[in-house]
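Enquirer: sequence below, structure please.
(3 chains)
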Amino acid sequence: MSSENGSVDGGAEGAQPEQLALIRESVRNAKVPRAKPRTWRGAALAKELPVARVLVDKGVLHLDRYFDYAVPEELDADAQPGVRVRVRFGAGRGRVREGRREGGGLIDGFLVERLAESDYSGPLAALAQVVSSEPVLSEELLGLARAVADRYAGSLADVLQLAVPPRSARAEQRPSPEPLPPPAAPEAGSWGRYERGGAFLESLASGGAPRAVWNALPGPEWSEELARAVAATLASGRGALVVVPDGRAVARVDAALTSVLGEGRHAVLTADAGPEKRYREWLAVRRGAVRAVVGTRAAMFAPVRDLGLVALWDDGDDSHSEPHAPQPHAREVLLLRAAQDKCGFLLGSWSCTVEAAQLVESGWARPLVASREQVRAVAPLVRTVGDQDLARDEAARAARLPTLAWQAVREGLRHGPVLVQVPRRGYVPRMACANCREPARCRHCAGPLEGQESAAALRCGWCGREEGSWHCPECGGFRLRAQVVGARRTAEELGRAFPAVPVRTSGREHVLDTVPGAPALVVSTPGAEPVAEGGYAAALLLDGWAMLGRPDLRAGEDALRRWIAAAALVRAQEAGGTVVVVAEPTLRPVQALVRWDPVGHAVRELGERAELGFPPVSRMAAVSGAGEALAEFLAAAELPEEAELLGPVPLPVTGAAGPRRVGAPPVGERWERVLVRVPPGRGAALAAALKAAQASRMARGGGSAGEGAVWVRIDPPDIG
DNA sequence: AGCACGCCGACT
DNA sequence: GTCGGCGTGCTC
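Expert: Numbering: from 1, shown residues only, chains lettered A, B, ... in the order given. Down below sits the predicted model:
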């Protein structure tokens, strides 16, 4: 592998004046288009396809253009499509120093294509180096990255940074294992509990590409069911990819894959394996040595060969949302992948997101569900404690624990562990009718109203309009209440209430994986619930108000998802499993929990979103920046005709203290945000327009930081 | 972002 | 004449 030394660029130290003159002349001649590449010093080039089209890995600045370079003869063999290269880039027309032309610094890139000629009308610089001959960027992966970049108005280079892990020479040197022949198709196993479960597996095993939204039955079987879907795909001679929200879920699916497939047939891709190990696993997948992958969100780009199935577990979990630009969501990436590779698609969850419901409603995917009898046979009994009960129960109110809840815990503890779910801190309050709890919404755009308890100072969180005379459209009430509840002392209080029972906590810092089947109080925040051996005897879901009171379109769906995630760890009703949720029984998510009907809940939400023009039925983008820059950007952007602008509204000023959230303005700067909404089918046009506007602003020196910065976010997660 | 090119005012 | 101000535009 040669570097610039001895290649076209380098070599002669101290060139003669005549050579300098020659170089200047070739600059003047450069205006004429040339069929064949010419380099600065005319060194030997590859005889066939002497032009390399390169994607320069430089964030957002060059904006998705390729640059052509000449391929020196000695790099000919290594300079294949997909390899990492280093090239000189930048610095005007290049300056000549000590006889050597130095066009800016060396930067990394990917060789995308070899060509016979370039359409660039100037002399080409030569590739400086082929970093390694490993073709890491396949045509397929490039196509996916391009689609993701377009979908999210981002740059290809940004997406590739997410899709291709950093190189480790040692990992590359090591040979990958020999690929194993396809396994036999698996038995249907517990897939038989679903009406079309067996047919789904058979379709995968016979080379089909079924697409399903799978509402999983509560209990621990889901990971083995995923493993069987993978095994069926492998049996057809194709590869499979499973993306799950966190390390614990990876471990479960990993174990299930090992038990269904045996050793050596699958790779685990997670961020917390070191960079070398991670790259080694990734390479084994790319090289086709391993045909099945399970991992967390970064694995959504795993270069699985001949993909037959992409599967995603629990798409409502927000860790599926990539925090790095352009912030793609694993569900959307896998949707793009399924479309591009024409492979099977499986979106599974105990709960159901509105997006998942939309996939079924649009006919793109089929529902994979169990019968009501099946659900009733495995789900626990769910009971509610609302404000009415609390009010009647003064003593319980003081203890923050109503009688029914108290009884359920005490009874549960006689038979096994009891789970107590408490919300995390830090939920932002939003306003709701003090009488009927209907969220207060803007009458113009239906955005969430924010403000103080006095109805006088209400303002819409989306369009910024003031609301001077709010009254509740449901019950006619005019008093508001901020929906925020604190709940931290619960664990201590419970511990004191049941002094004979051990109390274990699982939360952000210490997440327990499993707990034994012996009686214990297990206090956990949402998402950190340990699995109990033999299932929990009971679960207590506290402070539903805090979960439902977030200023987020997903508050209901999210609360239901978290409740169901906890309740799914509880024994079946027949085995005495009981769940008590402390929340108003008339609320839709609460009713959906009682009936164990997350799909019905999502379908109703979807209908409402369509009516109100909310995502995912319409698509939204958030554009934020300092007032003037934002206005300028929007004026210059050629948005689709149907685009509707909501706002601007001021963004909260970020303080120096506290966690910096992704997407928050720079510390201390006053920023505003505008939401852009387009009807169904115009999402691509919106993304393209925003991308183009961003590109032209960059070209004019807008810069990505400081004064003129404007941030664009497709599918903003926190739109009230 | 860098960095070079280019088109106007005070200097050896 | 030419050195150098920073305003504009390109990077194969």
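
Enquirer: can you mark which positions in stretch A:288-300 are buried?
Expert: A:289-300 (16 or more other Cβ atoms under 10 Å). Every C-beta, even on glycine, is put in place using the N, C-alpha and C of the backbone.

Enquirer: ok now that stretch, how far from the chain's centre?
Expert: The chain centroid and the centroid of stretch A:288-300 are separated by 16 Å under Cα atoms, centre = their mean, to the nearest Å.

Enquirer: same question, stretch A:191-210
Expert: 27 Å.

Enquirer: how about that stretch: buried residues?
Expert: A:191, A:193-194, A:196-197, A:199-205, A:208-210.

Enquirer: then stretch A:268-278?
Expert: For stretch A:268-278, burial by neighbour count (16+ other Cβ under 10 Å) applies to A:268-270, A:276, A:278.

Enquirer: circling back: among the buried residues of stretch A:191-210, which two are most distant?
Expert: The two members of the buried residues of stretch A:191-210 with the most space between them (Cβ to Cβ) are A:R193 and A:A209, at 23.2 Å.

Enquirer: picking up where we left off before, of the buried residues of stretch A:268-278, closest to A:A256?
Expert: Set against A:A256, the nearest of those by Cβ to Cβ is A:V268 (12.0 Å).

Enquirer: among the buried residues of stretch A:288-300, which pair sits farthest apart?
Expert: A:A289 and A:R297 (23.1 Å).

Enquirer: any chance of CSV for the buried residues of stretch A:288-300, columns pLDDT?
Expert: Formatted as CSV, these follow (pLDDT from 0 to 100):
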residue, pLDDT
A:A289, 97
A:V290, 97
A:R291, 97
A:A292, 98
A:V293, 98
A:V294, 98
A:G295, 98
A:T296, 97
A:R297, 97
A:A298, 96
A:A299, 98
A:M300, 98
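
Enquirer: from those residues, which ones fall inside strands?
Expert: Counting by DSSP state E, those place A:292-295 in strands.

Enquirer: host element of A:I564?
Expert: Assessed by DSSP states H and E, A:I564 sits inside helix A:555-567.

Enquirer: run the angle between whatever helix or strand comes next after that helix and helix A:555-567 for me.
Expert: Downstream of helix A:555-567, the first helix or strand assigned by DSSP H and E is strand A:578-582. Interaxial angle of strand A:578-582 relative to helix A:555-567 (axes from the mean of the first three to the mean of the last three Cα atoms, to 10 degrees): 150 degrees.

Enquirer: which other residues reach strand A:578-582?
Expert: A:380-385, A:390, A:402, A:404-405, A:408, A:411-412, A:537-544, A:563, A:566-567, A:570, A:590, A:593 (Cβ atoms under 8 Å, 6 or more residues apart in numbering).

Enquirer: out of the residues you listed, which are buried?
Expert: Buried among the contacts of strand A:578-582 by 16+ other Cβ under 10 Å: A:380-382, A:384-385, A:390, A:402, A:404-405, A:408, A:412, A:537-544, A:563, A:566-567, A:570, A:590, A:593.

Enquirer: show me where the stretch 301-450 of chain A has strands.
Expert: Using DSSP state E, counting those that start in this stretch, the strands found in the stretch 301-450 of chain A span residues A:307-313, A:344-349, A:366-368, A:381-385, A:418-421, A:431-433, A:449-450.

Enquirer: need those strands in a markdown table with mean pLDDT, can you?
Expert: As requested, the strands of the stretch 301-450 of chain A are exported to a markdown table (pLDDT from 0 to 100):
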| stretch | mean pLDDT |
| --- | --- |
| strand A:307-313 | 98 |
| strand A:344-349 | 98 |
| strand A:366-368 | 98 |
| strand A:381-385 | 92 |
| strand A:418-421 | 93 |
| strand A:431-433 | 77 |
| strand A:449-450 | 73 |
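
Enquirer: can you tell me which of the ones you listed is nearest to DNA strand B?
Expert: Closest to DNA strand B of those, according to Cβ to the nearest atom of the strand: strand A:449-450, at 33.8 Å.

Enquirer: hang on, the earlier thing: which other helices and strands does the helix holding A:I564 contact?
Expert: Judged by 3 or more Cβ pairs under 8 Å, 6 or more residues apart in numbering; DSSP states H and E, the packing partners of helix A:555-567 are strand A:418-421, strand A:538-541, helix A:544-548, strand A:578-582, helix A:588-595, helix A:598-612.

Enquirer: what's the burial count for the spatially closest residue to A:L675 that is not a sequence neighbour?
Expert: Among residues not flanking A:L675 along the chain, A:L646 sits closest, at 4.2 Å (Cβ to Cβ, 6 or more residues apart in numbering). A total of 24 residues lie near A:L646 under the criterion other Cβ atoms under 10 Å.

Enquirer: next: A:E467.
Expert: 21.

Enquirer: what's the burial count for the residue lying closest to it once chain neighbours are set aside?
Expert: Counting by Cβ to Cβ, 6+ apart, A:L458 is the residue found nearest to A:E467 once chain neighbours are left out, at 4.1 Å. Neighbour count of A:L458, defined by other Cβ under 10 Å: 20.

Enquirer: quick one on the thing from earlier: I'd like the strands of the stretch 301-450 of chain A laid out as CSV, including distance to A:S236.
Expert: Supplementary listing: the strands of the stretch 301-450 of chain A in CSV, determined by distance: least, Cβ to Cβ, whole Å:
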stretch, distance to A:S236
strand A:307-313, 6
strand A:344-349, 10
strand A:366-368, 18
strand A:381-385, 40
strand A:418-421, 40
strand A:431-433, 51
strand A:449-450, 52
